[in-house]
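> okay, structure incoming, though there's no sequence with it:
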Ligand SMILES: Nc1nc2c(ncn2[C@@H]2O[C@H](COP(=O)(O)O)[C@@H](O)[C@H]2O)c(=O)[nH]1
């Protein structure tokens with residue numbers, strides 16, 4: 001029978017082939033192999049997936065791979081058959097192209113199987129390499145790789161340790177140097193290690209005496225008495241050469257190198273043989289030199305150089321950070337000393353306190369209770385005296401305070417106003433008096449706690465003003481502008497207020513409960529910040545909308561805070577609501593201060609605004625009209641809506657604005673007459 005008739009017969013009698021296949025004559029392995037080969041032989045060809053790693057004949061799916069792995073397992077035999085030649089041998093090579101293993105196959109493999117075996121073995125080689133790298137199996141291993149792996153890990157652990165000490169437990173320069181030296185000496189197996197820092201001013205390198213020992217009993221002898229240093233001229237020695245040139249050196253025999261400086265050996269009795277010396281740089285600037293002396297087993301190697309170079313980078317980072325940290329620590333100490341000195345000189349003295357204590361005010365000072373009162377005529381003693389009187393009048397029945405504390409507080413507040421033309425103690429006092437008059441005439445406007453915050457805020461609202469406004473502070477990039485991003489001066493005024501309250505014998509609020517104390521301070525901050533005229537416009541707009549819409553409710557916290565803020569501005573600008581003589585007197589000093597600022601701006605090359613330009617003094621009346629009608633009047637109109645009794649401030653402000661109108665008109669006529677005259681000439 002030929003093959004075709006056999007096949008046809010078997011097709012006609014399928015049970016024959018089935019009985020044969022399931023009979024014991026056919027092993028399970030043979031049966032499985034037939035089924036896998038059948039699956040491979042008759043699977044549908046698939047288009048390779050774009051970008052996929054296609055094996056032979058297109059992309060391998062997981063099923064393909066698992067089937068192919070099955071074929072490999074079936075056709076390979078991991079028992080070593082020494083007496084039978086393999087049908088197919090696959091070698092496994094490492095990155096260095098060295099054979100590290102073989103797989104023998106004792107049955108023929110198709111091309112596809114061979115390509116799979118080759119791919120799998122490549123990955124196997126890589127996996128083997130990295131697993132050895134990671135576990136650095138040193139048992140009996142003598143390959144250079146394993147030593148490198150160990151060192152790499154030691155180096156990376158050190159670098160991690162240095163980074164940790166920089167970012168977690170910020171340490172001083174000395175601690176970092178000791179850490180660095182301990183590691184460096186171990187890293188390259190040197191007998192001694194030194195770290196020199198560069199003193200570029202004197203062209204020297206110096207080191208506190210570090211003598212990093214060998215072996216386990218690591219120790220550091222640091223000469224702490226006065227921290228004596230070894231200093232070299234940068235023109236001397238190997239370290240000096242590296243510090244000057246930035247070039248790393250690996251010297252096998254120091255005494256054969258003309259750059260070597262044997263002085264230290266002669267001083268210490270030590271014999272230097274090999275030297276490995278590296279520069280430490282930060283942003284390209286050589287800040288130091290790290291030097292290893294006498295490698296234990298021969299000269300320093302190329303490997304030591306490479307590792308040392310990495311180490312030197314981290315060493316520089318660590319030193320730089322430690323240096324910054326030491327600088328910050330020293331600045332903090334200096335700041336603390338300055339603050340102590342300032343605190344001592346900025347508080348009132350006992351003579352001033354005793355002088356004020358001797359004067360008792362027993363009866364009511366009625367004239368103080370009107371806005372018209374002219375504080376300008378008070379003496380330097382009467383202002384603090386009346387400030388104490390106003391505080392007592394407003395708060396004796398609300399607050400437990402020591403009179404001595406109150407006197408010290410007022411006198412120290414006075415002392416912390418600068419002697420500038422306008423924003424001085426007289427201004428602070430005047431604003432506090434305006435608040436006193438307002439609170440006295442509208443006693444139910446605010447709670448006692450709010451009234452306390454308002455009065456203290458007015459007294460302190462311009463503490464330590466320098467006669468320059470916020471715009472100037474920012475333009476000139478002053479330290480205060482660096483600290484505060486908004487309301488620069490107002491935040492400083494508040495900070496000064498708190499600083500005074502914290503001085504011994506000055507805390508007039510100390511008998512408040514801690515909750516009340518916190519609330520009162522928060523209110524004081526709110527009130528002082530509200531005197532930033534830049535904030536007034538939004539406060540005014542919001543409160544006008546609330547009031548005009550009929551929603552204003554003095555019992556609502558948001559409405560109360562807005563009202564307090566606008567009240568602070570109203571008191572701050574009280575000079576515009578004083579009798580005309582006081583208004584003109586005050587405006588004189590306001591513009592004196594403005595012109596001082598304008599002069600300072602001009603000196604720094606900046607053109608001052610017209611209001612601060614003394615060359616435009618003729619524009620003053622018109623500028624006052626704009627200030628009164630644009631800011632002051634709207635402020636007092638709003639206050640009068642809420643507190644009708646305060647309408648007097650609005651009336652007086654209106655009167656003063658009209659007076660400025662007249663002056664502006666006169667000024668204009670004069671300008672025109674002058675211009676006509678010039679035209680005639
Ligand atoms: N042009 C004018 N400016 C004035 C006048 N009165 C005050 N001011 C300015 O307003 C603010 C008030 O804030 P302060 O808390 O610093 O006193 C300040 O910039 C003053 O210079 C005036 O009559 N005319």
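Received the coordinates, thanks. Because the structure is a prediction, the values reported are computed rather than measured.

> next secondary structure after the longest helix seen in the chain?
When every helix of the chain is counted residue by residue (DSSP state H), the longest turns out to be helix 302-346. Next helix or strand after helix 302-346 toward the C-terminus (DSSP states H and E): helix 350-357.

> chain center to that next one: distance?
When distances are taken as CA atoms, centre = their mean, to the nearest Å, helix 350-357 is centred 46 Å away from the chain's centroid.

> can you list contacts of it?
Contacting residues not belonging to helix 350-357 are listed as 381, 384-385, 388, 403-404, 407-408, 411 [CB atoms under 8 Å, 6 or more residues apart in numbering]. Bear in mind the C-beta positions are built from the backbone N, C-alpha and C, glycine included.

> helix or strand right after it?
Secondary structure here is assigned by DSSP H and E; on that basis, the next helix or strand after helix 350-357 toward the C-terminus is helix 382-395.

> give me the contact list for that next one.
Counting contacts by CB under 8 Å, 6+ apart, the residues outside helix 382-395 that touch it are 356, 359, 361, 364-365, 368, 375, 378, 401, 403, 406-407, 410-411, 414, 425-426, 429, 432-433, 436, 439-440, 448, 451-452, 455, 459, 508.

> among the residues you listed, name the buried ones.
Burial by neighbour count, 16 or more other CB atoms under 10 Å: within the contacts of helix 382-395 this picks out 356, 368, 375, 378, 401, 406-407, 410-411, 414, 425-426, 429, 432-433, 436, 439-440, 451-452, 455, 459, 508.

> near the ligand, list only the ones from those residues.
Intersecting the buried ones among the contacts of helix 382-395 with the surroundings of the ligand, defined as CB under 6 Å from any ligand atom, gives nothing.

> circling back to that earlier point, tell me what the longest helix of the chain is packed against?
Packing contacts for helix 302-346, counted by 3 or more CB pairs under 8 Å, 6 or more residues apart in numbering; DSSP states H and E, involve helix 144-167, helix 173-187, strand 275-282, strand 285-295.

> and those: which comes nearest residue 329?
Distance to residue 329, taken as CB to CB, is lowest for helix 173-187 among the helices and strands packed on helix 302-346, at 9.9 Å.

> helices or strands up against the closest one?
Of the remaining helices and strands, those touching helix 173-187 by 3+ CB pairs under 8 Å, 6+ apart are helix 144-167, strand 190-199, strand 285-295, helix 302-346.

> which parts of that helix are buried?
Burial within helix 173-187, assessed by neighbour count using 16+ other CB under 10 Å, is assigned to 173-174, 176-187.

> please apply the same query to stretch 619-634.
Neighbour-count burial for stretch 619-634 flags 619-625, 627-629, 631-634 (criterion: 16+ other CB under 10 Å).

> which of those sits closest to the ligand?
The shortest separation between the ligand and any of those is 4.0 Å, and it belongs to residue 627 (by CB to the nearest ligand atom).

> contacts only, for that closest one.
Residue 627 makes contact with residue 576, according to CB under 8 Å, 6+ apart.

> which helix or which strand is home to it?
Counting by DSSP H and E, the element that carries residue 627 is helix 620-627.

> distance between that helix and the chain's centre?
Between the mean C-alpha position of helix 620-627 and that of its chain there is a distance of 44 Å (CA atoms, centre = their mean).

> what average pLDDT does that helix get?
Confidence over helix 620-627 (mean pLDDT, whole number) is 97.

> after it, which helix or strand is next?
Elements were assigned by DSSP H and E; along the chain past helix 620-627, the next helix or strand is helix 633-642.

> any residue of that next one touching the ligand?
No. Using CB under 6 Å from any ligand atom, helix 633-642 never reaches the ligand; the gap is at least 10.7 Å.

> where's that helix relative to the chain centroid, distance-wise?
The offset between the C-alpha centroid of helix 633-642 and the centroid of the whole chain comes to 43 Å, using CA atoms, centre = their mean.

> residues contacting that helix, please?
Outside of helix 633-642, the residues within contact range by CB under 8 Å, 6+ apart are 536, 540, 543-544, 547, 552, 554, 563, 566-567, 569-570, 573, 577, 646-647, 649-650, 653-654, 657.

> how about stretch 535-550?
Contact partners of stretch 535-550, identified using CB under 8 Å, 6+ apart, comprise 487, 529-530, 552, 559, 562-563, 565-566, 569, 631, 634-635, 638, 641-642.

> ok so, going back, quick check, the helix holding residue 627 touching the ligand?
Yes. Counting by CB under 6 Å from any ligand atom, the ligand has neighbours in helix 620-627: 623-624, 627.

> between helix 633-642 and that helix, find me the angle.
With axes from the mean of the first three to the mean of the last three CA atoms, to 10 degrees defining the directions, helix 620-627 sits at 40 degrees from helix 633-642.

> mean confidence (pLDDT) on the longest helix of the chain, please.
Along helix 302-346, the predicted confidence averages to a pLDDT of 83.

> what angle separates it from strand 190-199?
Computed with the same axes, to 10 degrees, the direction of helix 302-346 lies at 40 degrees from that of strand 190-199.

> what sits against residue 281?
246, 287, 312, 316.

> is it fair to say residue 495 lies in a helix?
Yes. With DSSP: H, G, I helix; E, B strand; the rest coil as the criterion, residue 495 is part of a helix.
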